[in-house]
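**Q** Would you be able to build a 3D model of this:
(one chain, ligands or ions: 1)
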Amino acid sequence: MCVEASPKSKCGGKSNCGCGGHGKSAVLDARVIRTIKFGEEAAHQCSCSGGGRCPRHYLAPTGYVLGGFLILHLAVNALALWPGRFQAAVNRLHSLGALLPVLEISLAAVLAFHIAVGLRLMRRDKLKFITGDHFHGSPMRQWLQRVTAVILLAFLVFHMAVLQRWFGGRFDPQNAFSSTSHGIWQFWHGQATGSFPNLLFAQFYLLGIFAAVYHLTNGIATGAEVLGLVSTPLAQDRLWRICVIAAPALLLAGLAAWYAFVVR
Ligand code: HEM
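**A** Sure thing, here's the model as predicted:
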């Protein structure tokens, strides 16, 4: 077993996903999606089959698209520190008119695809801690990537059910700040604002923010290696450092929004 494209590689090869099992690189093409192999027969530990398309070739680009949205989402939400500016940003978004549902549906499709591939990838190893140097990053980073994926999945279902208007959620674009704040902080109807159940749900948002920031920043660094965007150890290390610096900045944006919606 070797990591062919990795700089830590013990063998030379053509694969660019780094798992060592592929000769071909994958593109997002409907015809090849059917050929993704999820690894029951895998002999190496990148969680793919070694013979077909590596699932990480699909997780990385879709993760990048989702990441672009997440950064925008956290930045706009941080404006909630100034409710007027937050409302103005929401108004600007909603002035996109018919384009907005198109963008939302496209994003939902990308998310659904990422989740479907991610869950199938995790079906074999689940949340087991797998050692070995076959992952981009490290076994711990890889394990946390999966743990945060599970937390994120639970959080996203909850978050969308509570706020997304398609599912009867409480977000009202006309009253962006107060409707979001009520959705997060008074989730449990009939309970006082600071009651234990409402406190619990507000804490869940904190967990979701931490999980999202880790999953995104670690994923940007490892995804770039998977896609062969950073091929030298120096470039990989530089990108990892940028991600380590970006993580607290994103976390700060998420926590600022949480403070604005929950505490103030
Ligand atoms: C806003 C939401 C999300 C973003 C921005 C995001 C982003 C990313 C990125 C950039 C990667 C890196 C790809 C790589 O290194 O191979 C990744 C991997 C992954 N994501 Fe997500 N993701 C999100 C949500 C989810 C959810 C809800 C799940 C639940 C199943 C999930 C499951 C996974 C899995 C299993 C991996 C691969 C871990 C591995 O290689 O073992 N992601 N994600």
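**Q** if I pick Val147, what's in contact with it?
**A** Residues in contact with Val147, defined by C-beta atoms under 8 Å, 6 or more residues apart in numbering, are Leu127. Using the backbone N, CA and C atoms, a C-beta is placed for each residue, glycine as well.
**Q** scratch that, Ser181 is what I was asking about
**A** Applying C-beta under 8 Å, 6+ apart to Ser181 gives the contacts 260-262.
**Q** which one of those is nearest the ligand?
**A** Relative to the ligand, the closest of those is Phe261; by C-beta to the nearest ligand atom it sits at 18.6 Å.
**Q** isn't the closest one right up against Gln186?
**A** No. At 10.8 Å, Phe261 and Gln186 do not qualify as touching, with contact defined as C-beta atoms under 8 Å.
**Q** so what sits against both of these two?
**A** Counting by C-beta under 8 Å, 6+ apart, nothing touches both Phe261 and Gln186.
**Q** Looking at the two, which one has more neighbours?
**A** Phe261 (23 against 18; other C-beta atoms under 10 Å).
**Q** The more buried one: what's its closest spatial neighbour, skipping adjacent residues?
**A** Ser181 (4.6 Å; C-beta to C-beta, 6 or more residues apart in numbering).
**Q** One more: Arg165?
**A** Take Arg165 and drop its neighbours on the chain: the residue closest to it by C-beta to C-beta, 6+ apart is Phe171, 5.8 Å away.
**Q** Can you name the residues that contact that neighbour?
**A** 163-165, 179-180, 183.
**Q** Return the member of the contacts of Ser181 nearest to Gly97.
**A** Closest approach to Gly97 among the contacts of Ser181 (C-beta to C-beta): Phe261, at 26.6 Å.
**Q** hmm, back to that, return the subset of the contacts of Phe171 lying in helices.
**A** Members of the contacts of Phe171 lying in helices (criterion: DSSP state H): 163, 179-180, 183.
**Q** so Val110 makes contact with Leu66?
**A** Yes. Using C-beta under 8 Å, Val110 is in contact with Leu66, at 6.3 Å.
**Q** quick one: which of those two has more around it?
**A** A count of neighbours by other C-beta under 10 Å puts Leu66 above the other of Val110 and Leu66, at 22 against 17.
**Q** Just confirm that one is within a helix.
**A** Yes. Under DSSP: H, G, I helix; E, B strand; the rest coil, Leu66 sits within a helix.
**Q** pLDDT value on the residue of the stretch 1-150 of the chain found nearest the ligand, please?
**A** Closest residue of the stretch 1-150 of the chain to the ligand, C-beta to the nearest ligand atom: Gly63 (2.4 Å). Note on Gly63: pLDDT of 98.
**Q** ok, it - contacts?
**A** Going by C-beta under 8 Å, 6+ apart, Gly63 touches 114, 216, 219-220, 223.
**Q** Mind checking which of these land in helices?
**A** Within the contacts of Gly63, residues falling in helices by DSSP H are 114, 216, 219-220, 223.
**Q** Give the ChimeraX command for selecting the buried subset of the contacts of Phe171.
**A** Listed next is the ChimeraX selection for buried residues among those, using 16 or more other C-beta atoms under 10 Å:
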select :163,164,179,180,183
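**Q** can you list the contacts of Phe171 in CSV and add pLDDT?
**A** CSV is the format used below for the contacts of Phe171 (pLDDT from 0 to 100):
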residue, pLDDT
Leu163, 94
Gln164, 90
Arg165, 85
Ser179, 94
Thr180, 95
Gly183, 88
